[in-house]
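[1] structure of the sequence below:
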Amino acid sequence: MNNILPMVLTAAASFLVFKTQAADENSWYLGAQYNLHEIDDNSDKGLNTLGAIAGYQYNEYFGLETRFNIGTSGYYKTFYIRGSKGEYKEDIDTQVSLFIKASYPIYTALNVYALAGVAKSKHDLTIIESHNDIRPTPYIISYSESGFSYGLGLNYEVLPNFKVFIDYKILPDLKRDSLSISSLNSLSFGVNYSF
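    Residues are numbered from 1 along each chain as shown. Predicted coordinates:
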């Protein structure tokens, strides 16, 4: 009887330690992010998005993450053609992405990570041209691009289960027509909460 009690206590302590480690490594998390987008087409377009994140961390090094964003700002410009005033607007409507996330701890609370996966962006272009007193009719073009996306980032655990992060991603190129191809990059700031 004297030998059984220490064995039971050792087994119970081992189980609790293993369960605590598994809870730290395998966890769901939710978050929010704000993205600043850069379009390489010789313009000063500031297309920003706000979004939500959901992910699952399989262990200390690997996870799976999905992001959904909606546009919060767009690009606007007026132009004049033969005495008629026109307006040009460009917005990101939605963005959806799915990433494999590979993390590596630098310090206790600081991780560097890489993202690789697929992303899809839907854009809206609106052109309005008014001819004197004629009521303008907007011409709206919607297009979407999807493909391989990748990036690098850092996250820092501010409080237990609460992290802040910053990452930079290369998104699929924008192909507006056969002659116009622009690269789209994104800088993200956000928070994640694990549970």
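
[2] partner strands of the helix or strand harbouring residue 147 and their direction?
    Per DSSP states H and E: residue 147 is located in strand 139-159. Strand 139-159 has these partner strands in its sheet, going by DSSP bridges: strand 110-129 (antiparallel), strand 162-175 (antiparallel).

[3] to residue 46, which of the ones you listed lies closest?
    Among those, strand 110-129 comes nearest to residue 46, with 14.0 Å by CB to CB. Bear in mind the C-beta positions are built from the backbone N, C-alpha and C, glycine included.

[4] can you give me the helices in this structure?
    Here the chain has its helices, by DSSP state H, at 4-25.

[5] how about low-confidence regions in it?
    Low-confidence segments of the chain (pLDDT under 70): 1-26, 41-45, 81-83, 130-137, 174-181.

[6] swap in 50 and give it another go.
    Applying pLDDT under 50 to the chain picks out residues 1-2, 5-24, 179.

[7] centroid-nearest residue for it?
    For the chain, residue 67 is the residue whose C-alpha lies nearest the centre (CA atoms, centre = their mean; 5.1 Å).

[8] let's have the strands paired with strand 139-159 in a markdown table, adding mean neighbour count and distance to residue 73.
    Formatted as a markdown table, the strands paired with strand 139-159 follow (neighbours: other CB atoms under 10 Å; distance: least, CB to CB, whole Å):
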| stretch | mean neighbour count | distance to residue 73 |
| --- | --- | --- |
| strand 110-129 | 18 | 13 |
| strand 162-175 | 17 | 17 |
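
[9] okay, those in a markdown table with distance to residue 76 next?
    Putting those into a markdown table (distance: least, CB to CB, whole Å) gives the following:
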| stretch | distance to residue 76 |
| --- | --- |
| strand 110-129 | 9 |
| strand 162-175 | 18 |
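
[10] for the ones you listed, which one sits closest to residue 36?
    The nearest among the strands paired with strand 139-159, by CB to CB, is strand 162-175 at 9.9 Å.

[11] surely the residue nearest to the centre of the chain is in contact with residue 95?
    Yes - contact criterion CB atoms under 8 Å: residue 67 and residue 95 qualify, at 7.4 Å.

[12] distance of residue 147 relative to residue 128?
    Taking CB to CB, to the nearest Å as the measure, residue 147 falls 31 Å from residue 128.

[13] likewise residue 171?
    Residue 171 is 28 Å from residue 128, by CB to CB.

[14] what does residue 163 give?
    Residue 163 is 43 Å from residue 128, by CB to CB.

[15] what of residue 93?
    18 Å.

[16] convert the C-alpha atoms of stretch 142-151 to CSV, please.
    Only the C-alpha atoms of stretch 142-151 are listed here, as CSV (Å, rounded to 0.1, in the frame of the first residue of the first chain):
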residue,chain,number,x,y,z
SER,A,142,-15.6,44.1,-60.1
TYR,A,143,-12.7,41.7,-60.4
SER,A,144,-11.0,39.2,-58.1
GLU,A,145,-7.6,37.7,-58.0
SER,A,146,-6.6,34.5,-56.2
GLY,A,147,-3.3,32.6,-55.8
PHE,A,148,-0.3,31.9,-53.7
SER,A,149,0.5,34.2,-50.9
TYR,A,150,3.3,34.3,-48.3
GLY,A,151,4.8,36.5,-45.6
